[in-house]
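Student: Just the structure for this:
(chains A and B)
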Protein chains: 2
Amino acid sequence: MRLIDEAALADITLGSTVLGSGGGGDPYIGMLLAREAIRRHGPVPLVDLDEVPGDANIVFIAGLGAPGVLVEKLPRENEYAGVLRELERFTGQTYSYICPAEAGGFNGVTPFTTSAVTGVPVVDADGMGRAFPELQLVTPTLYGGRATPLTMVDEHGNVMSLESPTNAWSEAYVRAAVVASGAHGAIAVYPMTGAEAKERLIRGPITLAEEIGRAIREARAAHTSPVEAVLAKQGGVLLLTGKVEEVERKNEGGWTVGKARLSGLDDDRGRRMTVDFQNEYLIAERDGRVVATSPDLIMTLEIDSGEPIPAEEIRYGYRVAVVGLPCDPHWRTEAGIEIAGPRHFGYDIDYRPVEETAGDVRA
Amino acid sequence: MRLIDEAALADITLGSTVLGSGGGGDPYIGMLLAREAIRRHGPVPLVDLDEVPGDANIVFIAGLGAPGVLVEKLPRENEYAGVLRELERFTGQTYSYICPAEAGGFNGVTPFTTSAVTGVPVVDADGMGRAFPELQLVTPTLYGGRATPLTMVDEHGNVMSLESPTNAWSEAYVRAAVVASGAHGAIAVYPMTGAEAKERLIRGPITLAEEIGRAIREARAAHTSPVEAVLAKQGGVLLLTGKVEEVERKNEGGWTVGKARLSGLDDDRGRRMTVDFQNEYLIAERDGRVVATSPDLIMTLEIDSGEPIPAEEIRYGYRVAVVGLPCDPHWRTEAGIEIAGPRHFGYDIDYRPVEETAGDVRA
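Tutor: Below you'll find the model as predicted:
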């Protein structure tokens, strides 16, 4: 167990943006809320998954909604504390541990608000190791884990509790509820035991986010390359160094969907790249050849600062390194590729690990 | 207490269509389900509101969804029995009585299915005395009654429980959930005590529906006018005898919205009428003057058979009597007109009781 203070939270926030694969909502919004809660209530305990007793109850805390709405309507501490109490009331169980559903993006940070207010420790584990746009796209789904019973709380005081036959049904109901709420809700979802968590969850994503954030911060201070620091930290592949030439983007079915086109710079002069996104960056093509796909992470980092540029913010003129980072091994199983691979998102493409495509990039 | 058998159910169904004011969904769908349950489990006890102990718990049972969907997907007994059990599990309370939320349309009949399966008696009371398209448009709302805690069950096995700060928020969440479910759900909503029910609910709508249904049936058998029988039974006003010339109808925001235009027949030759609807018939104008508005009931009855023609079925060529029927006195209070009068539905019109407009009709 160690304590997460404001400084650690800042590094985690920066790293969560990288793990967001271009999506997952802006972690800085979640950070503002968590920082305020930490200032008020003190640092937050972070524990390893190994420290969680097998018979303890643990649950994901997350915020759901359209990322654009978060900027306009800052969520409140109340919702993130209340949702855990409401799940306890609904199930009659006590939850002694919480953790993020997704360590990438906004939801990499939201559990710290719940923890600061309630005193319930955060476990260094999550269900994605990245960000995904749907509630059922978590590793517990691969092991038969159930999203429900779940509870959602919105800023108006609506409390919805749900039991669903499948995780896809949970996603449909929660998504509808988020829209009805006027577009943001805090949820407590995928309750499980410590023993189940040890089998099903991804270990250490918060520490990883913190290390990535720290590496970027230290590289900036040392005037070395933050992009190199991220690649070294994560075993990633530099897919292109280039300039954004054009971005198509629209809101469709509650998602931000589109495509960024880039032209190469420096060693990549003359090369071209397209990156498709649906909230997250999903597919990168270099000179017409697929070089990275979901569930591996694709991230654009501003060349000089290493600042991660989310898909909803990327635009003409940005000079970025497009990096591919290997996803957690849970996602590289047959079941993982089935629910989170390119075909799930409508692409007729086979998944290949991004490290294997490194040869294509250099060819 | 008396027992409702198949024959009584048939009369209630016919009368519920009249009380539906053109909307509320097709009671015949609800009747098929309830009749099957009665055949399997036996007749259903119907009790007067006065028989309910003040400290007993009572709750509305209703089905929510787009009427068109009901025809394609017959709801199942399971949902209407399950929803009461799920509310009991959610609240930890026992509900010894149920009643319709709205005695008009589909939901005038749905509680009989729940009752046949569970043995819980139906109370001869409701929250509308007619049909309305929104969950908060019930008499308990006028007295500060709360829609929640509520539970909704769909055919897939999703169970949603909700607590909301206002009844309008309950409506928003439930409507979203119904859409997510693929468009039909059974709900248990507005839990209250017997004492609260006696203050807040409309008395005797099921018996009224049965009497209207019987009057139409008997008039048909005696070859007398079913329209006259309905008017005599309900103290209504004949607004026009005419022929449907044109119907505009579209689906908008989950509602069936439109306008029927009629030309007069017989004594009304040369007169013209328009009837606006939003699921229910809301406004009738005769020669450009408003002669009936919500919350009073407006119904179209096929002239010869007395068959009530819902707004979703009315079309060119129908020969109908357009009748205005007085709503329950609960709706004629200031609060009642505020939430269910013409302005609630976007019309810049003052409410006048339909009996008063009888003079306009004859002028």
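Student: show me the contacts for A:Met192.
Tutor: A:57-59, A:140, A:145, A:200 (CB atoms under 8 Å, 6 or more residues apart in numbering or on different chains). C-beta coordinates here come from the backbone N, C-alpha and C atoms, glycine included.
Student: Mind checking which of the residues you listed land in helices?
Tutor: Assignment to helices by DSSP state H places the following of those there: A:140, A:200.
Student: which one among the contacts of A:Met192 gets closest to B:Arg39?
Tutor: For B:Arg39, the nearest member of the contacts of A:Met192 is A:Gly145. The distance, counting by CB to CB, is 42.0 Å.
Student: for the closest one, what are its contacts?
Tutor: Counting by CB under 8 Å, 6+ apart, A:Gly145 touches A:138-139, A:167, A:190, A:192, A:196, A:200.
Student: What of A:Thr113?
Tutor: Contact partners of A:Thr113, counting by CB under 8 Å, 6+ apart, are A:30, A:33-34, A:37, A:77, A:80-81.
Student: try it again with 6 Å
Tutor: When contacts are counted by CB atoms under 6 Å, 6 or more residues apart in numbering or on different chains, A:Thr113 is found next to A:33-34, A:37, A:77, A:80.
Student: Could you check how far the nearest residue to A:Pro310 once chain neighbours are set aside is from A:Tyr351?
Tutor: Nearest-residue entry for A:Pro310: A:Gly22, 5.3 Å, with adjacent residues in sequence omitted and distances by CB to CB, 6 or more residues apart in numbering or on different chains. Relative to A:Tyr351, A:Gly22 is positioned 18 Å away (CB to CB, to the nearest Å).
Student: what's the answer for A:Ala168, then?
Tutor: Applying CB to CB, one obtains 21 Å for the distance of A:Ala168 from A:Tyr351.
Student: and the closest residue to A:Ala147 other than its chain neighbours, what element?
Tutor: Excluding the flanking residues, the one nearest A:Ala147 by CB to CB, 6+ apart is A:Ser170, at 3.8 Å. Secondary-structure assignment from DSSP states H and E places A:Ser170 in helix A:167-181.
Student: what does A:Asp304 give?
Tutor: Take DSSP H and E as the rule and A:Asp304 turns out to sit in neither a helix nor a strand.
Student: Excluding sequence neighbours, find me the nearest residue to it.
Tutor: If you skip the residues right next to it in sequence, A:Asp304 has A:Arg319 as its closest partner in space, 7.6 Å away by CB to CB, 6+ apart.
Student: How about A:Gly54?
Tutor: A:Ala195 is the one closest to A:Gly54 (CB to CB, 6+ apart), at 3.8 Å.
Student: wait, isn't the one you found in contact with A:Ala56?
Tutor: No. The pair A:Ala195 / A:Ala56 is not scored as a contact, 8.9 Å apart, by CB atoms under 6 Å.
Student: Those two: who's more crowded?
Tutor: Shown here are A:Ala195 and A:Ala56; by other CB atoms under 10 Å in any protein chain shown, A:Ala56 has more neighbours (17 against 13).
Student: From what I see, the more buried one and A:Ala197 are in contact.
Tutor: No. Shown here, A:Ala56 and A:Ala197 do not form a contact pair, counting by CB under 6 Å, at 8.6 Å.
Student: okay, A:Ala168 and A:Tyr351: which has more neighbours?
Tutor: Neighbour count, other CB under 10 Å: between A:Ala168 and A:Tyr351, A:Tyr351 has more, with 22 against 15.
Student: Which parts of the helix or strand that contains A:Val83 count as buried, going by neighbours?
Tutor: In the assignment (DSSP H and E), A:Val83 maps to helix A:77-91. Neighbour-count burial for helix A:77-91, counted by 16 or more other CB atoms under 10 Å in any protein chain shown, picks out A:77, A:79-88, A:90-91.
Student: now do stretch A:313-330
Tutor: In stretch A:313-330, the ones that count as buried by 16+ other CB under 10 Å are A:314, A:318, A:320-328, A:330.
Student: and the two most separated of those residues?
Tutor: Within the buried residues of stretch A:313-330 (distances taken as CB to CB), the two that end up farthest apart are A:Tyr318 and A:His330, at 31.7 Å.
Student: Okay, now the unreliable bits of chain A?
Tutor: Confidence mapping of chain A against pLDDT under 70 gives the ranges A:66-75, A:253-254, A:362-363.
Student: List the contacts of the one residue sitting closest to the centre of chain A.
Tutor: The C-alpha lying nearest the average C-alpha coordinate of chain A belongs to A:Gly104 (CA atoms, centre = their mean; 2.1 Å). Going by CB under 6 Å, 6+ apart, A:Gly104 touches A:16, A:19-21, A:24, A:130-131.
Student: Mind doing that once more with 8 Å?
Tutor: Taking CB under 8 Å, 6+ apart as the contact definition, A:Gly104 lies against A:16-21, A:23-24, A:128-131, A:297.
Student: again, but for A:Ile12
Tutor: Contact criterion CB under 8 Å, 6+ apart gives A:4, A:108-109, A:206, A:209-210, A:213 as the residues in contact with A:Ile12.
Student: try A:Gly185
Tutor: A:Gly185 sits next to A:63-65, A:79, A:152-154, A:160, A:174, A:177-178 when contact means CB under 8 Å, 6+ apart.
Student: Next: A:Asp48.
Tutor: Contacts here follow CB under 8 Å, 6+ apart; on that basis A:Asp48 touches A:1, A:123-124, A:203-204.
Student: redo that, cut-off 10 Å
Tutor: For A:Asp48, the contacting residues are A:1-2, A:123-125, A:203-204, A:207, by CB atoms under 10 Å, 6 or more residues apart in numbering or on different chains.
Student: Just the buried subset of those, please.
Tutor: In these, burial by neighbour count holds for A:123-125, A:203-204, A:207, counting by 16+ other CB under 10 Å.
Student: need these in CSV with distance to chain B and secondary structure, can you?
Tutor: Written out in CSV, the entries for those read as follows (distance: CB to the nearest CB, whole Å; DSSP: H, G, I helix; E, B strand; the rest coil):
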residue, distance to chain B, secondary structure
A:Val123, 27, strand
A:Asp124, 32, coil
A:Ala125, 28, strand
A:Arg203, 32, strand
A:Gly204, 34, coil
A:Thr207, 37, helix
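Student: Return the member of those nearest to B:Leu49.
Tutor: Of all these, A:Val123 has the smallest distance to B:Leu49: 53.4 Å, by CB to CB.
Student: okay but A:Ala232 is in contact with A:Ala215, surely?
Tutor: Yes. The pair A:Ala232 and A:Ala215 qualifies as a contact (CB atoms under 10 Å) at a distance of 7.6 Å.
Student: okay, those two: which has more neighbours?
Tutor: Just comparing A:Ala232 and A:Ala215: by other CB under 10 Å the higher neighbour count belongs to A:Ala215, 24 against 12.
Student: The more buried one and B:Val361, how far apart?
Tutor: A:Ala215 sits 82 Å away from B:Val361, going by CB to CB.
Student: ok, now which ones touch the residue of the stretch 1-150 of chain A found nearest chain B?
Tutor: Residue nearest to chain B within the stretch 1-150 of chain A (CB to the nearest CB): A:Phe90, separated by 7.3 Å. If a contact means CB under 10 Å, 6+ apart, then A:Phe90 has A:148-151, A:159-163, A:188, A:191, B:90, B:161 as its contacts.
Student: Looking at those, spot the one nearest A:Glu280.
Tutor: Taking CB to CB as the measure, A:Leu150 is the one of the contacts of A:Phe90 closest to A:Glu280, at 22.3 Å.
Student: Now for the closest one: which residues touch it?
Tutor: Here A:Leu150 is in contact with A:59-60, A:62, A:83, A:87, A:90-91, A:135, A:160-164, A:167, A:170, A:173-174, A:187-191 (criterion: CB under 10 Å, 6+ apart).
Student: For A:Asp348, give me phi and psi.
Tutor: When quoted as degrees, to the nearest 10, the phi and psi of A:Asp348 stand at phi -90, psi 70.
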